[in-house]
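J.: kindly generate the corresponding structure for this input.
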Amino acid sequence: MNVLTQHNDNFRTGANLSEYVLTVSNVNAGQFGKLFSRAVDGQIYAQPLYVNGLIISNKLRNVVYIATEHDSVYAFDADDPATSNALWHVNLGQSISINDIEGCDDVQPEIGITSTPVIDLTSNTMYIDAKTKEIAGPVTNVFHRLHALDLLTGQEHFGGPVIIQGSVPGNAMGSVGGTLTFDPRFSHNRPGLLLLSNTVYMAFGSHCDLEDYHGRMFGYNATNLQQTAVFCVTPNGGADSVGGGIWGSGMGPSADADGYIYVTTGNGNFSKNTGGTELSDCFIKLSASNGTLAVADWFAPHDQGFLGSNDLDLGAGGPVVIPSTNLVVGIGKAGEVYLLNRHHLGGFVNFSSDTNIVQEFLAADQPYYVGQSPVYWKGPTNEFLYFWPHGMPLTAYSFNGSLIATNPIATGSTVETLGRVGGISLSANTNAPGSGILWGTEGSSGGTLHAYEANNVAHELWNSQQIPARDALGTFAKFCAPTVANGKVYAATFSSNLVVYGLLATPYQVWQQQNFTSAQLANSAISGDTAAPAGDGIPNLMKYALDLNPFVCGVGGLPVATIQSVSGSNYLAISYTRVLFDTDISYTVQVSNDLATWNSGPSFTAQLGPPLDNGDGTQTITVQDLVPVDSATKRFIRLQISHP
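T.: The predicted model follows:
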């Protein structure tokens, strides 16, 4: 399981459906809590990203990536509490201060990396927007740069970084001679980045609606970082035309299976209904053919003018594409939920209600809702949309595939009291009963992480203030969803810490508890490391490491040795199963030519290709000997399992 983008996928569902460890039965104060934290050099606005099975410093690891407002990026071992130092850390430049943007304190005291990066595993690259300043005498220049960092080292790929710049034809505020040029100082890359069809898309809003800002989106080729597209929400309309920022409380632009991109926009000028080009306070569907961007469809609420004049951005929450439907859903700052047909968004009607869309209803009874759009889950008996708006508790709505039931099916017990809310995400084993957990952060006690039963959010399973001496979160990060992967929860904070939660027992203890009774656990002849209760001679420790049942006899699932042809030569290789959650196990492939002296490491073996995800919390890994069998009279290969 990997988390490579904001809210898990390009639909922006916020759901990890491959969580095989954390369940409704084991997330409680007795079994679940804080495991460790990692100090960084600034506030964390970007959602943590997660990649499993990377070899860094000659060790196979799961890795969590963190970006800060101090313009730093960190790679941490995602599992080992003892590995407190970063695997690598790079700083991408000098962050700007609020004094550089006329005192706008929405992000303070510094602005560097705000948006969630995106990862491409095919090239082992993370794409990041960093805002920096460079001082030359009395002049301070501000830049946005797109960086492409190697996942293993943090080094730049593809000749990066590149400066984000561009212009469009237009006569709107800030234009000169019919050209409207991007202003990096007062443009803010708040939404997460989107990777689609080998193009990296990045969207921009404003800092506190200052100066002549305009909503924009840029596209860059992911393999050469060449700019492919520039789109502006409000390019025309004359000298007073401004706005249409794309920010979405940090949600990235969404994309459907047909390759269309969806964004929502904030306050500003609107003229599309009368033949103009301005699209403030709108849903916009963009075609992205060959990396270029064009408006394919749009929707503006009937009260668009009222929203704009009262700072009620429709674009306060980004659009979510609902899987296996033709629908997209979003919520604006007025607390109104909009459900639209992706094949006909609806345009604009000058009526007293939006009769041109699928559904609209008021979900948040507090004005000036600010927060991300819903998390979607197809559970064991219902489909759900979850909202946690300002002034209200976590709320679950039932969805039947066509419409949303407007009366909530369940609500949580904690009201989100702060105007700038946290974030929510969901973990589940697809739709298995008892596996769905809704995770969320909010501002009580400075910051609290909650876990609710997703099938019934009235049932809170755990929160970080139940045992604060052990589990306290620190200052929560606004608009930032927790990242859940392989039995752990990674929570960003404004306390300059990444906080990691999980099961308090070691993975091996968890496996033993799941497979042996209390009486068997007390009998080392049955449950001990070297015991083989199935009578097949395969010890428990080996079965634990290879995801085998200790009471089932057989050789299925054991490592398999093969001959692999690589570049015209033949090599011994071995394939084995790695359990992602079993982080207290070391897997070492060793080679020998006499069965007496065994060697391992990069001078003797090499992994063949990336790990193969088996879709059940395990990977298949193949490692080859580096000595061709053609040149050796005898050659042997084996897998060693070790446990501290």
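J.: now do the buried residues in stretch 73-85.
T.: For stretch 73-85, a neighbour-count test (16 or more other C-beta atoms under 10 Å) marks 73-79, 83 as buried. C-betas here are computed from N, CA, C, even on glycine.
J.: just the ones in strands from these, please.
T.: Among those, the members found in strands (DSSP state E) are 73-77.
J.: out of the residues you listed, which is nearest to Asn224?
T.: Val73 (21.4 Å; C-beta to C-beta).
J.: pLDDT for the buried residues of stretch 73-85 - can I get that in TSV?
T.: Compiled in TSV, the buried residues of stretch 73-85 are given as follows (pLDDT from 0 to 100):
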residue	pLDDT
Val73	98
Tyr74	98
Ala75	98
Phe76	98
Asp77	97
Ala78	97
Asp79	95
Thr83	93
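J.: out of the ones in strands among the buried residues of stretch 73-85, the closest to Ser603 would be?
T.: Asp77 (23.1 Å).
J.: coming back round to it: closest to Leu307 among the ones in strands among the buried residues of stretch 73-85?
T.: Distances from Leu307 to those, taken as C-beta to C-beta, are shortest for Val73 (36.5 Å).
J.: in the sheet, who's paired with the closest one?
T.: Ala67, Val90 (DSSP bridges).
J.: so who does it touch?
T.: Val73 is in contact with 65-67, 89-90, 92, 113, 117, 126, 128, 149, 154, counting by C-beta atoms under 8 Å, 6 or more residues apart in numbering.
J.: can you pick out the most distant pair from those?
T.: Applying C-beta to C-beta across these, the maximum distance is between His89 and Pro117, 14.8 Å.
J.: between those two, which one's more packed in?
T.: Comparing His89 with Pro117 by other C-beta atoms under 10 Å, the one with more neighbours is Pro117, at 27 against 15.
J.: quick one: the more buried one and Leu194, what's the gap?
T.: 11 Å (C-beta to C-beta, to the nearest Å).
J.: now do Gln108
T.: Distance from Gln108 to Leu194, by C-beta to C-beta: 27 Å.
J.: now do Met542
T.: From Met542 to Leu194 the distance is 43 Å (C-beta to C-beta).
J.: neighbour count: the two, which is higher?
T.: Using other C-beta under 10 Å as the criterion, Met542 and Leu194 rank with Leu194 on top: 25 against 20.
J.: quick one: residues contacting the closest residue in space to that one that isn't next to it in sequence.
T.: Leaving aside its sequence neighbours, Leu194 sits nearest to Tyr201 (C-beta to C-beta, 6 or more residues apart in numbering; 4.2 Å). Neighbour list for Tyr201: 193-195, 217-220, 229, 253, 261, 288 [criterion: C-beta under 8 Å, 6+ apart].
J.: let me know the closest of those residues to Ile641.
T.: Leu195 (36.4 Å).
J.: excluding chain neighbours, give the residue nearest to the closest one in space.
T.: Nearest non-adjacent residue to Leu195, counting by C-beta to C-beta, 6+ apart: Val118, 4.5 Å away.
J.: residues touching that neighbour, list them.
T.: Residues in contact with Val118 (C-beta under 8 Å, 6+ apart) are 4-6, 126-127, 192-195, 200, 252.
J.: can we see that at 6 Å?
T.: If you count contacts by C-beta atoms under 6 Å, 6 or more residues apart in numbering, Val118 has them with 5, 127, 193, 195.
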